[in-house]
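[1] fold the following for me, if possible:
(4 chains)
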Protein chains: 2
Amino acid sequence: MVRVGLTTERLVRAGAELADEVGFDQVTVSALARRFDVKVASLYSHVRNSQDLKTRIALLALEELADRAATALAGRAGKDALAAFADVYRDYAREHPGRYAAAQLRLDPETAAASAGVRHARMTRAVLRGYDLTEPDQTHAVRLLGSVFHGYVSLETGGGFSHSAPDTQETWTRIVDALDALLRNWPTS
Amino acid sequence: MVRVGLTTERLVRAGAELADEVGFDQVTVSALARRFDVKVASLYSHVRNSQDLKTRIALLALEELADRAATALAGRAGKDALAAFADVYRDYAREHPGRYAAAQLRLDPETAAASAGVRHARMTRAVLRGYDLTEPDQTHAVRLLGSVFHGYVSLETGGGFSHSAPDTQETWTRIVDALDALLRNWPTS
DNA sequence: TGCATTTACCTAAATCCTTTAGGCAACCTG
DNA sequence: CAGGTTGCCTAAAGGATTTAGGTAAATGCA
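    Next comes the predicted model:
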């Protein structure tokens, strides 16, 4: 019996790679076992079940996304920060479509509260420091930004914009411009 | 042997209901057979396979969404039309979460081109008739609207906004206001 | 160094979902 | 009512998930 050296950590990382290659919903305990050339049952010492594996991949993705956002925001403010933050979403989803899909997994409240999603939410607020918004408008704006970025990225990676001109890079730039204009000139009720 | 009266149509509708009750990814041929109290194999005369079933549910959802949008837009223009169109998304997703998830299923290009998604896209353009936008800005705006509505709705139904005040209805109204302001005052490059 | 414990991986088996093949009984048509 | 057609069946194979229980390797400790 040769030991491969399985750990939860390694399984989750390999699971994330698998997700990027074949899609998040194609990630199964069996596929992962095949990748390590190991029997399926062996994984169940490291991972509770299939759902647990997927949740861990989601948490990894949220971590990575938050890390990238933190890096992108360091030393930037205003529109610069907005654009950099937006690009983090888009680039991550393009480089790691499976992980990005994983990050959308619905987590139960406690898990979500303990995840890097919270950190990410704080950074969205940080982006808005460059604009003159007070509560509750700031919260509305946070939700708008989340909606636009997530919505755009998931439509684009889902092929929603693929058929038509003009190209998506141009649209992306213009959307960021538009959001900047909107935030500088937020309509009051 | 009592015949239940299965047809593709009935299966798809029941599948859509099932999706709303237990989630789109819990829709399986087995679960559907159970619901009709019929053996699994019997469904395969009406539906090619599991993927086919899901695709048909997605197409149904797209039809329904487009129908609602058409009704909502009739006799409305400008901000009125924008708000009504936005509400179609949100209401549909709330009333039929499983179907809404189905509508996000990635379709192959030909299927997508033949779907009601095309009709829906045309209606998004119709909403913009109330604003003074020419190509390519109109396309950018179409993509922005799609992103915001889809993004917001999927974050909200995914529980993304659930923890915090202010309430989501207020945010939704303010986002529609903000989009209206933005479209009336679209920044030119 | 030798033994005990823990850890990593195994076999085996139950359950469930998907899909195909082939068959019979119920319905529709003429 | 004889004919074909259709709706549902049984049977069976392949795969994924999960648990229980076992053995060999690594590790801790005397």
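[2] which residues in chain A form helices?
    Taking DSSP state H to define them, one finds helices in chain A at A:8-22, A:29-36, A:40-43, A:50-73, A:78-95, A:97-103, A:109-113, A:117-127, A:137-157, A:168-184.
[3] lowest average pLDDT across these?
    Sorting the helices of chain A by mean pLDDT places helix A:109-113 lowest, at a mean of 88.
[4] convert the C-alpha atoms of that helix to PDB, please.
    C-alpha atoms of helix A:109-113 as PDB (Å, rounded to 0.1, in the frame of the first residue of the first chain):
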ATOM      1  CA  PRO A 109     -25.900  31.400   7.500                       C
ATOM      2  CA  GLU A 110     -23.300  30.400  10.100                       C
ATOM      3  CA  THR A 111     -20.900  29.200   7.400                       C
ATOM      4  CA  ALA A 112     -21.400  32.300   5.400                       C
ATOM      5  CA  ALA A 113     -20.900  34.500   8.400                       C
END
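[5] about what we covered before: of the helices of chain A, which is nearest residue B:2?
    Nearest to residue B:2, of all these, is helix A:50-73, at 37.4 Å by C-beta to C-beta. From N, CA and C alone the C-beta is placed, and that goes for glycine too.
[6] is chain B contacted by that closest one?
    No. Legend: contact between helix A:50-73 and chain B by C-beta under 8 Å from any C-beta of the partner chain is lacking; minimum distance shown is 11.2 Å.
[7] how much space separates whichever residue of chain A sits closest to chain B from residue B:33?
    Closest residue of chain A to chain B, C-beta to the nearest C-beta: residue A:151 (2.3 Å). Noted for residue A:151: a distance of 36 Å to residue B:33, by C-beta to C-beta, to the nearest Å.
[8] of these two, who's got more company?
    residue A:151 (24 against 18; other C-beta atoms under 10 Å in any protein chain shown).
[9] skip the chain neighbours and tell me the closest residue to the more buried one.
    residue B:151 (2.3 Å; C-beta to C-beta, 6 or more residues apart in numbering or on different chains).
[10] right, and that neighbour touches residue A:145 too?
    No. Look at residue B:151 against residue A:145 with C-beta atoms under 8 Å: they stay out of range, at 9.4 Å.
[11] pretty sure the residue of chain A closest to chain B contacts residue B:143?
    No. Using C-beta under 8 Å, residue A:151 makes no contact with residue B:143, being 9.5 Å away.
[12] give me the common contacts of those two.
    Both residue A:151 and residue B:143 lack any common contact, where contact means C-beta atoms under 8 Å, 6 or more residues apart in numbering or on different chains.
[13] so who does the closest residue to residue A:7 other than its chain neighbours touch?
    In this structure, residue A:7 finds its nearest non-sequential neighbour in residue A:46, 6.4 Å apart by C-beta to C-beta, 6+ apart. Residues counted as contacts of residue A:46 (C-beta under 8 Å, 6+ apart) are A:6, A:7, A:8, A:11.
[14] now do residue A:12
    A:53, A:56, A:57, A:60.
[15] DNA strand D versus that one, what's the distance?
    Residue A:12 sits 15 Å away from DNA strand D, going by C-beta to the nearest atom of the strand, to the nearest Å.
[16] with residue A:124 instead?
    On the measure of C-beta to the nearest atom of the strand, residue A:124 and DNA strand D end up 33 Å apart.
[17] just residue A:87 next, same as before
    Residue A:87 is 34 Å from DNA strand D, by C-beta to the nearest atom of the strand.
[18] could you do residue A:63 as well?
    Taken as C-beta to the nearest atom of the strand, the span from residue A:63 to DNA strand D is 23 Å.
[19] how about the residues of chain A that lie near DNA strand D?
    Residues of chain A found near DNA strand D (C-beta under 7 Å from any atom of the strand) are A:1, A:3, A:28-31, A:40-41, A:44, A:48-51.
[20] give me that answer again for 6 Å
    Residues of chain A lying near DNA strand D by C-beta under 6 Å from any atom of the strand: A:1, A:3, A:28, A:29, A:30, A:40, A:41, A:44, A:49, A:50, A:51.
[21] buried subset of those residues?
    A:28, A:29 (16 or more other C-beta atoms under 10 Å in any protein chain shown).
[22] pick the one among the residues of chain A next to DNA strand D closest to residue B:112.
    Nearest member of the residues of chain A next to DNA strand D to residue B:112, counting by C-beta to C-beta, is residue A:28, at 26.9 Å.
[23] and that closest one, what's its pLDDT?
    95.
[24] contact partners for it?
    Here residue A:28 is in contact with residue A:50 (C-beta under 8 Å, 6+ apart).
[25] how much space between it and residue A:53?
    9 Å.
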